[in-house]
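Student: Could you work out the structure for the sequence below:
(2 chains)
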Amino acid sequence: MNDTKAPANLDLETPEKTYLDSNELILNMGPQHPATHGVLRVILKLDGEKVLGTECVIGYLHRGVEKIAENRTYTMFNPYVDRMDYVAAVSNGLGYCQAVEKLLSVEAPPRANYIRVILTELNRIASHQLWLGTHALDIGAMTPLFYTFRDREEILKIFEKYCGARLTTHAFRIGGCQYETYAGFEKDVKNFLAFFPPKIDEYEELLTTNRIWLERTKKVGVISGKDCIALGVTGPVLRASGVKWDIRKAQPYANYANFDFEIPTGENGDTYDRYMVRMIEMRQSLRIIEQAVNGIPEGPIMAKVPKVIKPPVGEIYHSIEAPKGELGYFIVSDGSTQPYRVRVRPPSFVNLQALDTMVRGMLVADVVAVIGTLDIVLGEVDR
Amino acid sequence: MSALTSYLGSTAGAPGTAGFAVLGWAVTPGEANNQLWALIYVLIIFAGVSVAVIAMNWIERKALAHFQVRLGPMRVGPHGLLQPIADAVKLLIKEDIIPAEADKFVFWIAPVIGLLAAFTVYTVVPFGPSQAVSDMNIGILFMLGVSSLGVLGIVMAGWASNSHYPLIGALRSSAQMVSYEVAMGLAVISAILMTSLNTDGTGYLSMIEIVQEQQRQGVWFIFKFFPLGLIAFVIFAVAMVAETNRAPFDLPEAESELTAGFHTEYSGLRWSLFMLAEYAAMIAVSSIAVTLWLGGWLRPFPNWLIGPVWPHEPVWDFIFALFPGLTFLGLGAIAVRGTVRMPKHPYFRIQTIGLGAFAAVLAGIGVLLLGIAIGANASGNANWLRASEGLSNVYWFVLKVAIFMYLYIWYRATWPRYRFDQLMKVGWKVLLPISLGVLIVTAMVGVIVS
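Tutor: Take a look at the predicted model:
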């Protein structure tokens, strides 16, 4: 048997002979496939069930978001970022608003920051719930999907009451928040804080100690911390490999420095560790929300921002810890009302690079598990 | 009519039985060499299994939905009762697609082979001591052999599709079925071994004799030599899930990996044949498990709860003969409850009427069955009593199989899917050694006991 190292570039035209006079198999997975989370196309080179190499083909959901930015004013571009990672729209909005605020040298008022933290952390939970449901479905457990969607509904209801939208929320504005919290917002959030921990226990009961789940996730898609850093992988995937890197702690923004929370890390960098890291992250997010909702100050929600936003000439890079990893915005301003260039550093796109490293030598079923555990959103990969 | 019954009665070779008491036949039609009744039995079973598959389709969707905090089909008919029929009609009138690159003949014949393998098994399934098409003296071997042929249909489908996903699905399926058959066979042998632990030391391969031996020995084989029988049963219960490609061993059709596995290229009628075969096979292997370990058609405590309940009347046989009718009345009551709880809005009027009619049909069947049981008991007519007993036998058999069907749904709702290599590991490294060990220990215990 040849070793698991396949050539760096797959030769997809001429399958090589393997043992027993059989050919390698080129399997085209996607873009229409139940487990590729949208329109990812993965070309697999297989020896029987064993994966010799993969090649990702992306761009099926390309909408030219970065180019659109060059033809919109700073305010007009704000809703577009929601469409990148559409399951974590609030985080995307936060990153963009803060990047422009940095460019303008404006600071959002404390109350706005508290609202931002609450909504962003709620969105992190919602994103992780969606990840858990689909990831479990990929591995064959149907039921968690419905449980997570049932409970995600509670978060979406809070979003809907706050800003009228459930998915692409457009919750924040440059300089703060447009909307004051609705009457009963704090009560709703506190209700959710009481409602959700038993639900996490419920998910964990189905999966964490499940024998089949352990077999399907332990030692599957292993990636070392070193490889993660080399590939630029961030977020829960990086932390599961033992690297304690979370931008909320490393470069605190939006008064995350005031909150007491922990960054869970894994040891083995396998799919199970990533699962556990995200499960603990959900509980930590609840902790942050609890502190924020109890300490929310009174005051204005909007900083003094000019009606027409014309940042000074310059460039800025600002990144936040989105549910999937480091979400960065690099904005170049030429002093006009429209950005000269907006470059987004999406976590999903960068994390997807690790797929090949993680699945070489594994089986076809593991490819599906690893795509799930990377938690990619194709809207963000393709933009 | 009397001429016909006398003709049937005479050819049946079972003196003293009137022809119309179908379920009360003293021997199986196969044994009586009665071709006509054998054919009628085959038709009854074919229709019965098809109806069971349709019912299973609905129950699975509803039960799975309720596991998953949703409602399941609700639109077609009251509580989606007509959904399977709507689906069947849809599948029948769908365009018949054969991929251009496919091997057309093999592609065409594959689902037929799968279906034949699944349905042929029922020729030896004993729904009662005489409620079977035939009683082969090698019944269990025949059953295992024929049910294994199902893999042929899957492999042919995967190969003929000339496509990558079906091919991988078919490869997985053949490997899986072959490896689990070994453990399954050894578990079956340990049950067959138990049949020989009687006074004259003869064992049986006949399905009917296996059940009757359980009655004679006074114990279901699942409880015999506790926990040996139980372990063998559990091994069989695991292997049969793998054998029928159901969750958590549904790798050949793993949706998230292989889109639909071996039947990816199939659609319409041919696809529905595969589904029919899969569900029929599920019922068939459950029947084997029920026959070998759970006392087949035997009601609870057939040797112990006999004679009168109180000093005089009624007798236990009569009490148990009431169960089928009472079950249907219970189902009818559930349907009545659903009818009462229907929204009181003109929009739901037809659905309410439909559900009420369904409740009436269920209750009617219940009353009919109760009438047969009570009437037979009151009249003391031998034919009626035999008919009543036959219905009771079929009822207990179907009830036990239904429990397995429910377990299948429960597994599917609860567990993730095994990976291919792990599946092989479970089959060869866990189930096979255990079943071999159980077989040896059973043999040793049997020798010591007898």
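Student: residue in the stretch 51-200 of chain A nearest to chain B?
Tutor: A:Gly140 (2.6 Å; CB to the nearest CB). Yep, even glycine has a C-beta here, placed from its N, CA and C like the rest.
Student: What separation is there between the spatially most central residue of chain A and A:Pro346?
Tutor: Nearest to the mean C-alpha position of chain A, by CA atoms, centre = their mean, lies A:Lys324 at 2.3 Å. Going from A:Lys324 to A:Pro346 by CB to CB, to the nearest Å gives 8 Å.
Student: ok, back up a step: contacting residues around the residue nearest to the centre of chain A?
Tutor: Applying CB atoms under 8 Å, 6 or more residues apart in numbering or on different chains, one finds that A:Lys324 lies in contact with A:Asp85, A:Ala88, A:Ser127, A:Gly235, A:Pro236, A:Pro347, A:Ser348, A:Asn351, A:Asp375, A:Ile376, A:Val377, A:Glu380.
Student: contacts for stretch B:252-271?
Tutor: The contact list for stretch B:252-271 (CB under 8 Å, 6+ apart) reads A:33-35, A:137-140, A:364-365, A:367-368, B:91-92, B:94-97, B:99, B:102, B:107-108, B:111, B:154-155, B:157-158, B:161, B:163, B:165-166, B:168-170, B:172-173, B:176, B:245, B:251, B:274, B:417.
Student: These in helices, which ones?
Tutor: A:137-139, A:364-365, A:367-368, B:91-92, B:107-108, B:111, B:154-155, B:157-158, B:165-166, B:168-170, B:172-173, B:176, B:274 (DSSP state H).
Student: Can you tell me which of those are buried?
Tutor: Neighbour-count burial (16 or more other CB atoms under 10 Å in any protein chain shown) is assigned, among those, to A:137-139, A:364-365, A:367-368, B:91, B:107, B:111, B:154-155, B:157-158, B:165-166, B:168-170, B:172-173, B:176, B:274.
Student: the bottom helix or strand of the chain by mean pLDDT?
Tutor: I'll assume chain A. Using mean pLDDT, DSSP states H and E, strand A:25-29 stands out as the lowest-scoring helix or strand of chain A, at a mean of 80.
Student: um, chain B though
Tutor: Least confident helix or strand of chain B, by mean pLDDT, DSSP H and E, is helix B:2-12 with a mean of 42.
Student: Run a quick check on the residue of the stretch 51-200 of chain A closest to chain B versus B:Thr414, I expect a contact.
Tutor: No. Using CB atoms under 8 Å, A:Gly140 is not in contact with B:Thr414, being 10.5 Å away.
Student: So which residues of the stretch 151-300 of chain A form helices?
Tutor: A:185-207, A:211-217, A:225-231, A:236-240, A:247-250, A:271-294 (DSSP state H, counting those that start in this stretch).
Student: and the first one, C-alpha only, in CSV?
Tutor: So that's helix A:185-207. The C-alpha coordinates for helix A:185-207 follow below in CSV (Å, rounded to 0.1, in the frame of the first residue of the first chain):
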residue,chain,number,x,y,z
PHE,A,185,-35.9,42.8,26.3
GLU,A,186,-34.1,42.1,29.5
LYS,A,187,-36.8,39.7,30.7
ASP,A,188,-36.7,37.8,27.4
VAL,A,189,-32.9,37.4,27.6
LYS,A,190,-33.1,36.3,31.2
ASN,A,191,-35.8,33.8,30.3
PHE,A,192,-33.5,32.5,27.6
LEU,A,193,-30.7,32.2,30.1
ALA,A,194,-32.9,30.0,32.3
PHE,A,195,-34.3,28.1,29.4
PHE,A,196,-31.2,27.2,27.5
PRO,A,197,-28.8,25.3,29.9
PRO,A,198,-31.2,22.3,30.2
LYS,A,199,-31.4,22.2,26.4
ILE,A,200,-27.6,22.0,26.1
ASP,A,201,-27.7,19.1,28.6
GLU,A,202,-30.3,17.5,26.3
TYR,A,203,-28.1,17.7,23.3
GLU,A,204,-25.2,16.4,25.3
GLU,A,205,-27.2,13.6,26.6
LEU,A,206,-27.9,12.5,23.0
LEU,A,207,-24.3,12.8,21.8
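Student: relative orientation of it and helix A:271-294 in degrees?
Tutor: Angle, helix A:185-207 to helix A:271-294, by axes from the mean of the first three to the mean of the last three CA atoms, to 10 degrees: 160 degrees.
Student: Below-threshold pLDDT in the stretch 101-250 of chain A: ranges please.
Tutor: Within the stretch 101-250 of chain A, not a single segment meets pLDDT under 70.
Student: Quick check: residues of chain B near chain A?
Tutor: By CB under 8 Å from any CB of the partner chain, the residues of chain B that approach chain A are B:64, B:67-70, B:164-165, B:168, B:171-172, B:247-248, B:250-251, B:254-259, B:412-422.
Student: where does A:Gly328 land in three-state SS?
Tutor: Following DSSP: H, G, I helix; E, B strand; the rest coil, A:Gly328 is assigned to strand.
Student: and it, bridged to which residues?
Tutor: Here A:Gly328 sits in beta bridges with A:Ser319, A:Arg345, going by DSSP bridges.
Student: Double-check it against A:His318; I have them as touching.
Tutor: Yes. Checked against CB under 8 Å, the pair A:Gly328 and A:His318 is within contact range at 6.8 Å.
Student: Give me the common contacts of those two.
Tutor: Taking CB under 8 Å, 6+ apart as the criterion, A:Gly328 and A:His318 both touch A:Gly95.
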